[in-house]
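Engineer: just to be clear, the model below is a prediction. Sequence and coordinates:
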Amino acid sequence: MSFRHTLTLLLTAPTSLLLTQLGAIAQDADHRTNWPIGAAVQTETGEQIPAGAYGVAYIDAPRVATLLQLRGIKGRGTVILKSDDSLDCLIVPIRFVAGDFGGEGISTNESHPIRLILRSPRVASALTAGDDVVSDMYRISAQPDDPEADIIIQTGLSESHGFVLNPGSSIVADIFGASTGRITCSEIRAQGA
């Protein structure tokens, strides 16, 4: 094989792999566009997505750092989204950052778990497409019965926090897309039904 053929192969192989991966991501995202939200579901590991929600975000062990009045929170977690086939749920690993002006002094420590209820199809679609969810672009509420909210803060944050949900677990996910998984889900039947 000549030097020219070898060079051509080395230059085109990564491009073809990238295009193949992007095509697979787009095709997989198109498969999950009809999100059923009418019933509450539970995963085989016990996480629950309430009725009326498209999914939930869990950040179990975030770290908080304060510098005088500034406070920042970071962590890794999981988003669990209802699937269109009602037999399983989609799992998306996420990186999470948040901040506000509620700091006091200089410190760093582990914080309480963060739970967010995702009630908007725009949020669910953005996460499955691998796009960041920035709180400034959505309506955020700490009130569980707020009908206008895209994201409900269940625990761990206040409405004063700005935050970003970034799909993926590394910088490679920013280039090739977040790797997603599936987990078995089942509908939670109401008592007496």
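Structural biologist: On my side now, so go ahead.
Engineer: quick one: low-confidence residue ranges for the chain.
Structural biologist: 1-37, 85-86, 170-178, 190-193 (pLDDT under 70).
Engineer: contacting residues around the residue nearest the centre of the chain?
Structural biologist: The central residue of the chain, meaning the one whose C-alpha is nearest the mean C-alpha position (Cα atoms, centre = their mean), is Val79 at 4.2 Å. For Val79, the residues meeting the contact criterion (Cβ atoms under 8 Å, 6 or more residues apart in numbering) are Gly55, Val56, Ala57, Tyr58, Ile91, Val92, Pro93, Ile94, Leu118, Leu127, Leu165, Pro167. To be clear about C-beta, it is placed using only N, CA and C from the backbone, and glycine gets the same treatment.
Engineer: how about the secondary structure of it?
Structural biologist: Under DSSP: H, G, I helix; E, B strand; the rest coil, Val79 falls in the strand class.
Engineer: next up, phi/psi of Cys146, please.
Structural biologist: Heads up, residue 146 is Asp, not Cys. Asp146 adopts backbone torsions of phi -70, psi 110, taken as degrees, to the nearest 10.
Engineer: what sits against it?
Structural biologist: Under the criterion of Cβ under 8 Å, 6+ apart, the contact list for Asp146 reads Arg139, Ile152.
Engineer: quick one, helices of this protein?
Structural biologist: Using DSSP state H, the helices of the chain run over 3-31, 121-128, 171-176.
Engineer: how near is Tyr138 to Ala40?
Structural biologist: As for Tyr138, its distance to Ala40 is 22 Å (criterion: Cβ to Cβ, to the nearest Å).
Engineer: ok, which stretches of this structure are strands?
Structural biologist: 41-43, 48-49, 55-59, 63-67, 70-82, 88-100, 106-110, 114-118, 133-134, 140-141, 151-155, 162-167, 181-187 (DSSP state E).
Engineer: Pro113 contacts Ala57, doesn't it?
Structural biologist: No. In this structure, Pro113 sits apart from Ala57 without contact. The criterion is Cβ atoms under 8 Å, and the distance is 10.8 Å.
Engineer: which one's more surrounded, those two?
Structural biologist: Between Pro113 and Ala57, counting by other Cβ atoms under 10 Å, Ala57 is the more crowded of the two (24 against 15).
Engineer: for stretch 119-127, buried residues please.
Structural biologist: Of the residues in stretch 119-127, those scored as buried under the neighbour-count criterion (16 or more other Cβ atoms under 10 Å) are Arg119, Ser120, Val123, Ala124, Ser125, Ala126, Leu127.
Engineer: would you list those residues in a markdown table and tack on distance to Leu70?
Structural biologist: Listed next are the buried residues of stretch 119-127 as a markdown table, based on distance: Cβ to Cβ, whole Å:
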| residue | distance to Leu70 |
| --- | --- |
| Arg119 | 29 |
| Ser120 | 29 |
| Val123 | 27 |
| Ala124 | 31 |
| Ser125 | 32 |
| Ala126 | 27 |
| Leu127 | 27 |
